[in-house]
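[1] Have a look; sequence and predicted model below, questions after that.
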Amino acid sequence: MSARAGPTWRVVLAGLRRLAAGDDGQAMTEYAITSFALIAGAGVSLLVFLPNTIAAYKIYINGFYIILGLPFP
């Protein structure tokens, strides 16, 4: 029988299982927090910038009506 200079694969797998057992739900929690932050940030920015965007678009459209209402072609 030859002498091995390291742990067997069963010992390694047992160690990996032990490490993985401590992370139950961490990825899902991080995903939920990140998703909430992105959605909340989009909602807040929408509330802040939407009135200014609508006002700018209204000015843009009113420019067409001014040009179309000129007395010369």
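    Right, received. Where do you want to start?
[2] ok, and the helix or strand in this protein with the lowest average confidence?
    helix 9-21 (a mean of 75; mean pLDDT, DSSP states H and E).
[3] What residues sit buried inside that helix?
    Residues of helix 9-21 classed as buried: none (neighbour count, 16 or more other CB atoms under 10 Å). Using the backbone N, CA and C atoms, a C-beta is placed for each residue, glycine as well.
[4] residue nearest the centroid of this structure?
    Centroid check for the chain by CA atoms, centre = their mean gives residue 38 as the closest residue, at 4.9 Å.
[5] and that residue, what pLDDT?
    pLDDT recorded at residue 38 is 96.
[6] and the gap between residue 49 and residue 16?
    Using CB to CB, to the nearest Å, one obtains 48 Å as the distance from residue 49 to residue 16.
[7] now swap in residue 31 and tell me
    Taken as CB to CB, the span from residue 31 to residue 16 is 23 Å.
[8] for this structure, which spans come out with low pLDDT?
    Within the chain, the segments meeting pLDDT under 70 span 1-6, 19-24, 73.
[9] ranges for the helices of it?
    Using DSSP state H, the helices found in the chain span residues 9-21, 26-68.
[10] Need the CA coordinates for the shortest one. CSV is fine.
    Once non-C-alpha atoms are left out, helix 9-21 reads as follows in CSV (Å, rounded to 0.1, in the frame of the first residue of the first chain):
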residue,chain,number,x,y,z
TRP,A,9,-11.5,12.8,-1.6
ARG,A,10,-14.1,11.8,1.0
VAL,A,11,-12.5,14.1,3.5
VAL,A,12,-12.3,16.9,1.0
LEU,A,13,-16.0,16.4,0.0
ALA,A,14,-17.0,16.4,3.7
GLY,A,15,-15.2,19.7,4.2
LEU,A,16,-16.8,21.2,1.2
ARG,A,17,-20.3,20.1,2.4
ARG,A,18,-19.6,21.7,5.7
LEU,A,19,-18.6,25.0,4.1
ALA,A,20,-21.6,25.0,1.8
ALA,A,21,-24.0,24.2,4.6
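[11] what about it, distance to the chain center?
    Remark: helix 9-21 is offset 33 Å from the chain centroid, using CA atoms, centre = their mean, to the nearest Å.
[12] who's in contact with the least confident helix or strand of the chain?
    residue 7 (CB atoms under 8 Å, 6 or more residues apart in numbering).
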